[in-house]
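Here is a sequence together with a model predicted from it:
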Amino acid sequence: MQVGVVWYAMRQAFVLRLGSQTDVPRRHFAGCIEEVDTGRELRFKSTDELLEFLGKCFEEALRSGRDPNDRCPGETKKSGD
């Protein structure tokens, strides 16, 4: 696999590790998240912190010219896209 293809596939990809404080029925999430292409990380203690991090990453992608609607190689278009 070529390096460029791997980089493209990892754009706006995240690694999410949920911690023991996560309580799914209450919709409370805690753990660690990493944005793969930038290496930016956050240890979050609430769902609000997680969503704030994701929002900031998305906004940064838009500012830097990365199109959040770009599809990964092999991804098919879903109806309504």
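The structure has been received and is ready for your questions.

what's the following helix or strand after the lowest-mean-pLDDT helix or strand in the chain?
Least confident helix or strand of the chain, by mean pLDDT, DSSP states H and E, is helix 3-10 with a mean of 52. Next along the chain after helix 3-10, taking DSSP states H and E as the criterion, comes strand 14-18.

Packing partners of that next one?
In terms of contact count using 3 or more C-beta pairs under 8 Å, 6 or more residues apart in numbering; DSSP states H and E, strand 14-18 is assigned the packing partners strand 31-35. C-betas here are computed from N, CA, C, even on glycine.

mind running it again at 10 Å?
The criterion is 3 or more C-beta pairs under 10 Å, 6 or more residues apart in numbering; DSSP states H and E, and the helices and strands that strand 14-18 contacts are strand 31-35, strand 41-44, helix 47-63.

Now do the buried residues in the longest one.
By neighbour count, and taking 16 or more other C-beta atoms under 10 Å as the criterion, the buried residues in helix 47-63 are 50, 53-54, 57, 61.

Over to the first one?
Burial within strand 31-35, assessed by neighbour count using 16+ other C-beta under 10 Å, is assigned to 31, 33, 35.

if we can go back for a sec, and residue 25, which of the helices and strands packed on strand 14-18 is closest to it?
helix 47-63 (12.8 Å; C-beta to C-beta).

Turn the buried residues of strand 31-35 into TSV, columns for pLDDT.
As requested, those are exported to TSV (pLDDT from 0 to 100):
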residue	pLDDT
31	98
33	97
35	93
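
Can you pull out the low-pLDDT segments for the protein?
Where the chain drops to pLDDT under 70, the residues are 1-10, 66-81.

go with 90
1-13, 36-38, 58-81 (pLDDT under 90).

any idea how far residue 28 is from residue 39?
With distances defined as C-beta to C-beta, to the nearest Å, the gap from residue 28 to residue 39 amounts to 27 Å.

Out of these two, name the residue with the larger neighbour count.
residue 28 (13 against 7; other C-beta atoms under 10 Å).

how close does the residue lying closest to that one once chain neighbours are set aside get to residue 30?
Distances taken as C-beta to C-beta, 6 or more residues apart in numbering put residue 47 closest to residue 28, at 5.9 Å, once the chain neighbours are dropped. Taking C-beta to C-beta as the measure, residue 47 falls 8 Å from residue 30.
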